[in-house]
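Engineer: Kindly return the folded structure for what I paste below:
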Amino acid sequence: MSIPKPVILLAEDDDNDVFFMRRALQKSQLDFSLQVVTDGQQATDYLSGQGDFSDREKHPLPTVILLDLKMPFLDGFEVLTWIGTQPALGATPVAVLTSSAEDRDRRRARELGARAYFVKPPKPETIQEIVRLIQEPHQKTVN
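Structural biologist: Below is the predicted model of the structure:
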């Protein structure tokens with residue numbers, strides 16, 4: 001039996017940021033599946049297996065969630081709050097990847113359960129931490 005490859009759910013509404021994250025992850029040489037949603041509502045639909053995301057073969061539950069804070073429909077804080085109410089997602093690490101370097105955003109994300117907080121654009125260290133979240137999902141990340 002083969003080990004399933006990690007699934008990364010990237011919730012990001014900016015095409016350029018998706019491109020750069022995809023490229024950075026590919027350079028990590030990690031064998032993974034990247035699923036992308038472009039707004040907060042799609043993120044919750046994906047995670048709950050609703051609508052277009054009901055086929056878990058095509059849209060498996062993620063190993064790690066990368067979440068932008070500033071998205072349409074539901075922002076990243078609302079998605080984090082929703083994730084916190086979902087027992088099935090309690091062990092899934094969430095890393096915030098945002099343009100906001102504000103301490104208050106960092107604190108709020110932590111309070112809502114984010115295990116890591118990264119400011120865009122992704123750096124090699126960011127990717128290393130994401131890989132660590134995949135390999136050690138219960139480990140706290142300091143940043």
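
Engineer: switch to C-alpha atoms for all contacts and neighbour counts from now on
Structural biologist: Will do.

Engineer: which residues does the residue lying closest to E12 once chain neighbours are set aside contact?
Structural biologist: Distances taken as CA to CA, 6 or more residues apart in numbering put T38 closest to E12, at 5.0 Å, once the chain neighbours are dropped. Taking CA atoms under 8 Å, 6 or more residues apart in numbering as the definition of contact, the neighbours of T38 are A11, E12, D13, D14, M71.

Engineer: how many neighbours does A88 have?
Structural biologist: For A88, the tally of surrounding residues (other CA atoms under 10 Å) stands at 12.

Engineer: er, R115 I mean
Structural biologist: Residues near R115, counting by other CA under 10 Å, number 21.

Engineer: and what of R23?
Structural biologist: For R23, the neighbour count with other CA under 10 Å is 12.

Engineer: who's in contact with the helix or strand in which it is found?
Structural biologist: When secondary structure is defined using DSSP states H and E, the element that contains R23 is helix 15-27. With contacts defined as CA under 8 Å, 6+ apart, helix 15-27 is touched by L10, E12, L34, V36, P121, P122, K123, P124, I127.

Engineer: which among those end up buried?
Structural biologist: Neighbour counting with 16 or more other CA atoms under 10 Å marks L10, E12, L34, V36, P122, I127 as buried within the contacts of helix 15-27.
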